[in-house]
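Trainee: Quick check, what structure comes out for this input:
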Amino acid sequence: MIAFGDYLGARCHSCIGGTRVRDDIAKLQEGVHVVVGTPGRVYDMLRRGVLRADAIKLFILDEADEMLKMGFREEIELILDAAPETRRTLLFSATVP
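Mentor: Here you go, the predicted model:
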């Protein structure tokens with residue numbers, strides 16, 4: 001996504017566990033167009049107020065069944081509840097029967 005953003009001139013950032021929270025906060029405060037992240041880290045950024053839920057226009061959850069199995073259901077629901085009802089939601093999985 002970052003390479004795609006570079007090509008289009010869009011600022012992208014990945015918010016994932018195992019990286020420094022301070023770095024995510026700094027990058028989000030600079031302003032980004034696209035955030036890619038794990039449900040836990042994205043929810044944390046929303047809770048801290050550095051990611052605005054009202055700005056979510058598109059919510060994509062890849063490997064949706066696996067994310068729910070791994071215990072991210074609560075974070076996913078909180079993110080979706082905070083996001084505007086006008087957002088688009090896409091769920092993907094290669095393993096759903």
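Trainee: Residues touching stretch 63-72, excluding its own?
Mentor: Contacts to stretch 63-72, defined as C-beta atoms under 8 Å, 6 or more residues apart in numbering, come from residues 38-40, 61, 76, 91-96. Quick note: C-beta positions are derived from backbone N, CA and C, even for glycine.
Trainee: Just the ones in strands from those, please.
Mentor: The strands, defined by DSSP state E, take in 61, 91 from the contacts of stretch 63-72.
Trainee: Filter the contacts of stretch 63-72 down to the buried ones.
Mentor: Buried members of the contacts of stretch 63-72, counted by 16 or more other C-beta atoms under 10 Å: 38-40, 61, 76.
Trainee: Need the max-distance pair from those.
Mentor: The most widely separated members of those, counting by C-beta to C-beta, are Gly40 and Leu61 (12.9 Å).
Trainee: quick one: the helices in the chain?
Mentor: Here the chain has its helices, by DSSP state H, at 2-8, 21-30, 39-48, 64-69, 73-82.
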